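Chemist: Got a predicted structure plus its sequence, pasted below:
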Amino acid sequence: MAEKLFLEIVTPQKAIVSEEVEIVVAPGSEGEFGALKGHTTFLTSLKIGTLRYRDASGKERYLFVNGGFAEVLPDKVTILAESAEYRQDIDVERATKAKERAQKRLAAKAADTDLVRAEVALKRALHRLRIKGTK
Ligand code: ATP
């Protein structure tokens, strides 16, 4: 039986996860990292991506995370994300609409369009759709 560590995932809207887990794998901005109980302390920013963890019953859980920060302590991982949702909570229609909206903005290149904002919105939408499609 693997030793457990505590995982908290918090967004400005709400706490998404607060439970004991066996392992966490998160999209660090310098690359994906895994944390088990006893990991060295470190702090990193996160990129848009997939966070997965194995819960206390051994089940793999997948979430979309929209950037943010991770604090890894030997017995606890805290994720502060701009937004995050479990794979099963991702609304495909909403993500598809967000993708199309961003693509239209990028294609039109209107003078008042914030291209970086549109690119990041597109990245979020594509990643949400990818998570839905892969598992
Ligand atoms: P949209 O343009 O559709 O609002 P967004 O990428 O701008 O998408 P976020 O800022 O990442 O949205 O998130 C705002 C809130 O909406 C968060 O609580 C997030 O979990 C939720 N959310 C966004 N898109 C989806 C989706 N496709 N399915 C489920 N929840 C979503």
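Modeler: Structure received. Numbers count the residues shown, from 1 in each chain.

Chemist: Excluding sequence neighbours, find me the nearest residue to Leu122.
Modeler: Ala102 (3.7 Å; Cβ to Cβ, 6 or more residues apart in numbering). The C-beta positions use only the backbone N, C-alpha and C, and glycine is treated the same way.

Chemist: can you list contacts of the helix or strand encompassing the one you found?
Modeler: Element membership of Ala102 [criterion: DSSP states H and E] is helix 92-108. Applying Cβ atoms under 8 Å, 6 or more residues apart in numbering, the contact partners of helix 92-108 are Thr113, Leu115, Ala118, Glu119, Ala121, Leu122, Arg124, Ala125, Leu126, Arg128, Leu129, Lys132.

Chemist: which of those residues are buried?
Modeler: Buried members of the contacts of helix 92-108, scored by 16 or more other Cβ atoms under 10 Å, are Ala118, Ala121, Leu122, Arg124, Ala125, Leu126, Arg128, Leu129, Lys132.

Chemist: Grab the most central residue of the chain for me.
Modeler: Nearest to the mean C-alpha position of the chain, by Cα atoms, centre = their mean, lies Val65 at 1.6 Å.

Chemist: can you confirm that residue is in a strand?
Modeler: Yes. Applying DSSP: H, G, I helix; E, B strand; the rest coil, one finds Val65 inside a strand.

Chemist: For the residue in the chain sticking out farthest from the centre, report the pLDDT, please.
Modeler: No residue in the chain sits farther from the centre than Ala111, which is 31.5 Å out by Cα atoms, centre = their mean. Note on Ala111: pLDDT of 85.

Chemist: Check the secondary structure at it for me.
Modeler: In the three-state summary, Ala111 is assigned as coil, counting by three-state DSSP.

Chemist: for Lys37, same thing?
Modeler: Here Lys37 is recorded as coil under three-state DSSP.

Chemist: Just give the nearest non-adjacent residue to it, would you?
Modeler: Leaving aside its sequence neighbours, Lys37 sits nearest to Glu3 (Cβ to Cβ, 6+ apart; 4.0 Å).

Chemist: Give me the distance between Val116 and Pro12.
Modeler: 21 Å (Cβ to Cβ, to the nearest Å).
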